[in-house]
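Student: model the following, please.
(one chain, ligands or ions: 1)
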Amino acid sequence: MSTVAPAAGAATTELDRDASIALYRRMRLIRRFEDTIQSLFQRGEVHGTTHLYSGEEASAVGVCSALEPQDRVAGTYRGHGHALALGVPTGGLLDEMLGRSTGVCGGRAGSMNVVDLDHQLIGCFGIIGGSIAAATGASLALRSRNGVAVAFFGDGTTNHGYFHECLNFAQVMKLPVVFVCENNLYGEFTPWEDVTAGQIRSRPEALEMSAVTIDGNDVWTVHAAAREALAHARRGDGPYFIEALTYRFVGHSRSDPGAYRKPGELDAWRQRDPLKLARAALADVFDVGEDELAEIEAAVDGELEAAVEAGLAAPYPEPGIARQFKD
Ligand SMILES: Cc1ncc(C[n+]2csc(CCOP(=O)(O)OP(=O)(O)O)c2C)c(N)n1
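Tutor: Residues are numbered from 1 along each chain as shown. As a prediction, the model looks like this:
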């Protein structure tokens with residue numbers, strides 16, 4: 001029923017050179033977006049809170065690059081990564097973070113609750129487990145459209161009621177839904193093993209659901225696992241569970257410096273930075289040179305700089321409750 005995917009590190013031949021470069025570009029965009037949000041937050045331009053995705057980019061990009069257009073995705077409050085992986089426009093997403101009317105939700109969703117139905121994103125959820133319930137519900141409709149719903153969520157969320165209820169329901173109903181647990185080893189400030197009985201993958205396995213644990217920092221490994229999971233769900237074989245092992249390089253949210261991490265842990269994971277792995281694989285497997293990589297990186301930096309300039313000049317939404325209910 002389940003397998004543990006081999007340790008990653010090698011680009012697969014399923015994706016050609018251009019497609020593989022596109023994965024790296026998308027991951028780089030997410031990383032730079034998160035860096036930008038962090039610095040705008042420190043300058044007082046982004047309000048409320050933010051939960052950054054830095055370090056987990058291969059999970060969103062690997063899964064979303066395997067989707068068909070009719071598929072739908074529910075993300076978490078670390079959802080900037082999920083949104084950008086789906087192709088939500090950088091400027092629209094940044095404007096949303098800045099609370100501007102030009103944001104993808106008119107500046108009213110902020111960091112945690114982005115929705116973009118034009119780009120397959122049925123929502124990002126500040127309530128943990130919300131993504132699981134939304135994707136499970138969406139999959140009821142998608143099965144008549146040859147579509148699959150994907151739910152992203154964290155390891156801590158596997159202890160939540162929604163998780164157990166929805167996985168059971170999806171398996172009983174054989175729904176086309178892929179559950180992607182981004183196991184970044186912590187739920188807020190708590191190591192996952194301190195609050196989680198048994199292995200996470202044993203939970204879907206107890207329901208006889210197909211499940212796999214993979215290296216979530218290798219984008220090609222994630223892409224391959226997602227292709228298999230999506231094909232399984234699409235052909236009517238029911239839900240599929242992916243546990244992607246990864247790590248967030250930053251604290252839980254903007255107020256958390258992450259001091260609870262074990263000594264050396266962050267450094268060890270930085271050696272396995274998904275961007276670093278992908279960069280090395282592009283050079284080794286596809287012979288992508290340093291100049292080409294530098295060009296891609298400069299183009300991403302330029303995209304972000306232009307987005308910041310436009311975002312800071314964009315208007316705020318009209319105040320008032322009437323506007324909230326208009327659309
Ligand atoms: C229903 C609900 N309960 C509690 C919270 C508070 N909360 C926010 S994040 C979080 C931890 C989630 O950890 P995990 O699922 O591992 O996701 P990660 O932040 O690691 O990506 C909790 C308990 C919440 N947002 N929603």
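Student: pretty sure D155 contacts L185?
Tutor: Yes. Using C-beta atoms under 8 Å, D155 makes contact with L185 at a distance of 7.0 Å. For the C-beta atoms, the positions are set from N, CA and C on the backbone; glycine is no exception.
Student: the stretch 151-300 of the chain: helices as residue ranges?
Tutor: Ranges of helices within the stretch 151-300 of the chain are 161-173, 192-195, 202-206, 219-234, 265-270, 274-286, 290-313, based on DSSP state H, counting those that start in this stretch.
Student: packed most tightly, which of those would that be?
Tutor: Across the helices of the stretch 151-300 of the chain, the average number of neighbours (mean count of other C-beta atoms under 10 Å) peaks for helix 219-234, which reaches a mean of 23.
Student: export that one as CSV, just CAs?
Tutor: Written as CSV, here are the backbone C-alpha positions of helix 219-234 (Å, rounded to 0.1, in the frame of the first residue of the first chain):
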residue,chain,number,x,y,z
VAL,A,219,11.5,19.1,-6.5
TRP,A,220,11.8,16.3,-9.0
THR,A,221,11.0,13.7,-6.4
VAL,A,222,8.0,15.7,-5.3
HIS,A,223,6.8,16.2,-8.9
ALA,A,224,7.1,12.4,-9.6
ALA,A,225,5.2,11.5,-6.5
ALA,A,226,2.5,14.1,-7.3
ARG,A,227,2.1,12.7,-10.8
GLU,A,228,1.5,9.2,-9.5
ALA,A,229,-0.9,10.5,-6.8
LEU,A,230,-2.9,12.6,-9.2
ALA,A,231,-3.1,9.8,-11.8
HIS,A,232,-4.3,7.4,-9.1
ALA,A,233,-7.0,9.8,-7.9
ARG,A,234,-8.0,10.8,-11.4
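Student: what does the stretch 51-200 of the chain have sitting close to the ligand?
Tutor: 76, 78, 126-128, 153-157, 182, 184, 186-188 (C-beta under 6 Å from any ligand atom).
Student: which residues in the stretch 1-150 of the chain form strands?
Tutor: Here the stretch 1-150 of the chain has its strands, by DSSP state E, counting those that start in this stretch, at 2-4, 72-76, 121-125, 149-154.
Student: quick one: closest of the ones you listed to P257.
Tutor: strand 149-154 (19.2 Å; C-beta to C-beta).
Student: tell me the bridge partners for the residue of the chain found nearest the ligand.
Tutor: In the chain, the residue that lies nearest the ligand is G154 (2.1 Å; C-beta to the nearest ligand atom). Taking DSSP bridges, one obtains E182 as the residues bridged to G154.
Student: touching, it and Y77? I think so.
Tutor: No. Under the criterion of C-beta under 8 Å, G154 makes no contact with Y77, lying 9.4 Å away.
Student: so which of the strands of the stretch 1-150 of the chain comes closest to F241?
Tutor: Once the strands of the stretch 1-150 of the chain are compared by C-beta to C-beta, strand 2-4 is nearest, at 8.3 Å.
Student: which one of G154 and Y77 is surrounded by more residues?
Tutor: Per other C-beta atoms under 10 Å, whichever of G154 and Y77 has more neighbours is G154, with 27 against 23.
Student: follow-up on the earlier one: ok, of the residues of the stretch 51-200 of the chain next to the ligand, which come out buried?
Tutor: The neighbour-count test (16 or more other C-beta atoms under 10 Å) marks T76, R78, I128, F153, G154, D155, G156, T157, E182, N184, Y186, G187 as buried among those.
Student: how close does the nearest residue to S255 once chain neighbours are set aside sit to M209?
Tutor: Nearest residue to S255, sequence neighbours excluded (C-beta to C-beta, 6 or more residues apart in numbering): T49, at 7.2 Å. Going from T49 to M209 by C-beta to C-beta, to the nearest Å gives 34 Å.
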